[in-house]
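Asks: Sequence plus predicted model, see below.
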Amino acid sequence: MKIEKDIEDFDSIGNDHIGTSADTPMRSDAFNLTNDEKIDIIKDDVRHIMETLGLDLTDDSLSGTPMRVAKMFVKEIFGGLNPDKKPSASTFDNKYKYGEMLVEKNITVYSTCEHHLLPIVGRAHVAYISNGTVVGLSKMNRIVDYYAKRPQVQERLTIQIVKELQSVLNTEDVACVIDAKHLCVNSRGIRDIESSTVTSEFGGKFKNEETRREFLDYIKLDTQF
Ligand SMILES: Nc1nc2c(ncn2[C@@H]2O[C@H](COP(=O)(O)OP(=O)(O)OP(=O)(O)O)[C@@H](O)[C@H]2O)c(=O)[nH]1
Ligand SMILES: [Zn+2]
């Protein structure tokens, strides 16, 4: 019975999601529950996992873990699923008439691999060429952080950041490169501690070889995590 129910739920995740392929696959009822209701359910699920593993939940050190993990999922590492948390990006006129590219580099990325729910840790480098509008520098870091706080694949994270900045800045001329370590590759499975993953998305003028090269020269991918 339980298994049939799970299969029904799985089907509804597959068929009932909204949006396009660059969007995080979400169910249409994703925000019917409040955060507190979600925390309450997840807390019981985490307790169930721990008990199934044979852990003694009456131990002082373990007793608070289900609640701690539930709060962390809903409010911290998956807090960016909620569109209400999208940072408001105030824009300004480009009154200096600055016409070159602006690069915000080495933005810290903490995300979570959606295949294993293990951390992704790395750096994002974002650039744009103003079309008459500029954005506060920190807003680029905030946009990266917002989309990182979701179960992610790195390709989708890269595209979501570019699309958001294109919309905020009203220009196609936006690029993003992410260089990140996936703990699902580094600490388990193949256990390759050294490898990292580089993804990129180049919009508008960044498709031009010279402009793309200038951006890549600025960021020189020698980042240490
Ligand atoms: N394309 C892409 N793949 C990812 C990302 N994060 C994790 N993966 C990969 O997703 C794949 C999931 O493959 P599976 O074979 O179903 O998982 P698995 O049996 O745990 O595979 P191993 O990690 O090889 O042990 C793995 O190869 C992961 O390395 C990501 O951001 N992008
Ligand atoms: Zn993974």
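Replies: Yes, it's here. Ligands and ions are numbered 1, 2, ... in the order given.
Asks: domain ranges for the chain?
Replies: The record's domain split for the chain, according to automatic domain parsing, is 2-81, 85-219.
Asks: Any chance you could note which residues of this protein sit beside ligand 2?
Replies: By Cβ under 5 Å from the ion, the residues of the chain that approach ligand 2 are 113, 115, 116, 184. The C-beta positions use only the backbone N, C-alpha and C, and glycine is treated the same way.
Asks: Residue 196 contacts residue 177, correct?
Replies: No. In this structure, residue 196 is not within contact of residue 177 by Cβ atoms under 8 Å, at 11.9 Å.
Asks: For this structure, which element, helix or strand, carries the lowest mean pLDDT?
Replies: Counting by mean pLDDT, DSSP states H and E, the chain has its least confident helix or strand at helix 2-15, which shows a mean of 38.
Asks: tell me the most buried of the domains of the chain?
Replies: domain 85-219 (a mean of 18; mean count of other Cβ atoms under 10 Å).
Asks: how long is that one from one end to the other?
Replies: For domain 85-219, the first-to-last residue distance is 29 Å (Cα to Cα, to the nearest Å).
Asks: tell me the mean pLDDT over that domain?
Replies: Averaged across domain 85-219, the pLDDT comes to 96.
Asks: how far is the lengthiest strand in the chain from where the chain is centred?
Replies: The longest strand of the chain (DSSP state E) is strand 101-113. Remark: strand 101-113 is offset 10 Å from the chain centroid, using Cα atoms, centre = their mean, to the nearest Å.
Asks: Perfect, I'm done here.
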